[in-house]
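Visitor: Using only what follows, build the 3D model:
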Amino acid sequence: MSRTHGRSALVLAATVTLAALLVPASANAALSRGSLTQLPGAKGCLVDSAQRSGRCGVARALKEPGPFMGSRAIQISPDGRNVYVASSKSNAIAIFKRDQRHGTLKQAPGSKGCAAARRSFGCARAIGLDGPNSIAISPDGGNVYATARDSSSVVTFRRNRGNGALTQLPAAAGCVAGVPIPACGTGRAMAGADVVTVSPDGRNVYVGAFFGNAVATFDRDPATGELTQPADETGCLTAAPEANCATGLALNSVEGMAVSGDGANVYVASATSNAVLNLVRDSTTGALSQAADGSGCFVDAALEGCMTGREISGANAVAVSPRGGDVYVTSLISGSVTQFSSSGSPGLLSQPTIKSGCVAWLGASGCTPGRSLRAPEGIAVSPDGTNVYAAAYSSGGIAVLERGPKTGGVVQKFGTGGCVTTQSIANCATGRAMDGLSSIAISRDGRFVYSTAAKSNAVNVFRRATRG
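Guide: Presented below is the predicted three-dimensional model:
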């Protein structure tokens, strides 16, 4: 090589090195695995058609999606073809077709694009859908279930696997309510139904009642999706004695719930009990039981029969890691995401004492500090298990946490890759139409993240970095 070429190569190398050094660390972080980028323009957000769209697209029946009490208001169908959103002020479920390659959402016209409590927005009619706030989809993709807080009900839909449209099951098969509603069946322990989930085997549906301080258990007909509540005490678990219900600990204001991947446990977050519960599920009957020896619940203050936990004040939403080894909980008052480890049989929980066992807004004692975590609501774990995402209502944003591959502990991603928010928060990327964020869902391939924003009347779409 000549001296001239040698000097040129050295100059080029030095220039490249200098350019790399001048790139902010936050910019590098924004490109790393797990970070989120909102899709541009109308592809990145859809808002209710009754308001100005700005740079967002518009959709019907999107008033207050994922309300303050609504941490599971958005779900993706198992086949990845549809996204369903519970819109509390529209009294409706908005239905979107999902482009699996690009992540974009499109609402079908007429009754195929939504189901509502009244004949409005051109939606299909649904009984008992006043104030819907949570959605669950059966593993076979054949049914969609929605809780409606104002109706104290769970509504059952048959899902058209071809176009995603929803049809409510006829008569009492389509609605079970804790208050008298014409054409609905009667359920127990359903007051203020707030969260719903389906067991992995599809045999049971569980409903958490915020005002009823209870978990209601339903048997699911795999052929039709119809729900039946057992008449004996296996049909419900309540904080206070109630006819034909079992009694449990720390069940005040049930707001979050998730079933373990093996179906052996149902994990519950109780907001005013400030508690995280471990309910053991009978794989044959679906019945739930709670131990009173300390292994059945964690609370933030001493309670006989429970263990004492940390940073779980206002426990809100629950998510389980893909391999089932860890359980993550958002707590609204603590402003935190806390980790619980699951081990042994039947899925006993322990709370790690290591600092990465929790992330808290303003860096609470014993936790790693977190940004954009004021009033966290919804939570989700990426399918590859590398990230935990928390939707924060007051911050209007999503906190991106990195999950330790060995310990399961969580720390917030460095730089702007660690959060996306509609507010001006240092070291956070800027998003659109994200006021009042409360629910979050991740596609099965891990490439896209979706959220609901109650105050913006919006659904948001983000691309997730899967490499780097």
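Visitor: At which residues are the helices of the chain located?
Guide: Under the criterion DSSP state H, the chain carries helices at the ranges 3-22, 25-30.
Visitor: Name the helix or strand of the chain that has the lowest mean pLDDT.
Guide: In the chain, no helix or strand scores lower on mean pLDDT, DSSP states H and E than helix 3-22, which sits at a mean of 35.
Visitor: Check the closest residue to Val179 other than its chain neighbours and give its pLDDT.
Guide: In this structure, Val179 finds its nearest non-sequential neighbour in Ser152, 5.0 Å apart by CB to CB, 6 or more residues apart in numbering. Using the backbone N, CA and C atoms, a C-beta is placed for each residue, glycine as well. With respect to pLDDT, Ser152 scores 98.
Visitor: do Ile181 as well
Guide: Per the predicted model, pLDDT is 94 at Ile181.
Visitor: hang on, isn't it packed against Asp150?
Guide: No - contact criterion CB atoms under 8 Å: Ile181 and Asp150 do not qualify, at 10.7 Å.
Visitor: ok, back up a step: burial measure for the residue nearest to Val179, as a count.
Guide: For Ser152, the count of nearby residues is 28 (other CB atoms under 10 Å).
Visitor: for this protein, what are the low-confidence residue spans?
Guide: The chain contains residues with pLDDT under 70 at 1-31.
Visitor: again, only this time at 80
Guide: The model of the chain has pLDDT under 80 over residues 1-31, 52-53, 119, 344-347, 362-365, 468.
Visitor: re the thing from before, got the contact list for the residue nearest to Val179?
Guide: Ser152 makes contact with Ala177, Gly178, Val179, Met190, Ala191, Gly192, Ala193, Ala209, Phe211, Gly212, according to CB atoms under 8 Å, 6 or more residues apart in numbering.
Visitor: again, only this time at 6 Å
Guide: Ala177, Gly178, Val179, Met190, Ala191, Ala193 (CB atoms under 6 Å, 6 or more residues apart in numbering).
Visitor: again, but for Val459
Guide: Listed by CB under 6 Å, 6+ apart, the contact set of Val459 reads Leu46, Val85, Thr452.
Visitor: Go through those residues and give me the one with the most neighbours.
Guide: Most crowded among these, counting by other CB under 10 Å, is Thr452 at 33 neighbours.
Visitor: is it true that it touches Glu64?
Guide: No - applying CB atoms under 6 Å, one finds Thr452 not in contact with Glu64, separated by 9.0 Å.
Visitor: What is the end-to-end distance of stretch 429-446?
Guide: End-to-end distance for stretch 429-446, by CA to CA, to the nearest Å: 20 Å.
Visitor: List the buried residues for that stretch?
Guide: Of all the residues in stretch 429-446, those buried under the rule 16 or more other CB atoms under 10 Å are 429, 431-443, 446.
Visitor: ok, now stretch 368-379?
Guide: So, applying 16+ other CB under 10 Å, buried residues of stretch 368-379: Thr368, Gly370, Arg371, Ser372, Leu373, Arg374, Ala375, Pro376, Glu377, Gly378, Ile379.
Visitor: Could you count how many residues lie near Ala231?
Guide: Neighbours around Ala231, by other CB under 10 Å: 9.
Visitor: before we move on, what about Ala426?
Guide: 9.
Visitor: and the gap between it and Gly418?
Guide: 11 Å (CB to CB, to the nearest Å).
Visitor: Gly296 now?
Guide: 35 Å.
Visitor: So for the two, which sits in the more crowded spot?
Guide: The neighbour count for Gly296 versus Gly418, taken as other CB under 10 Å, is higher for Gly418 (27 against 22).
Visitor: Show the contacting residues for that one.
Guide: Contacts of Gly418 (CB under 6 Å, 6+ apart): Val400, Gln412.
Visitor: Tell me how far it lies from Lys355.
Guide: Shown here: Gly418 relative to Lys355, a distance of 17 Å by CB to CB.
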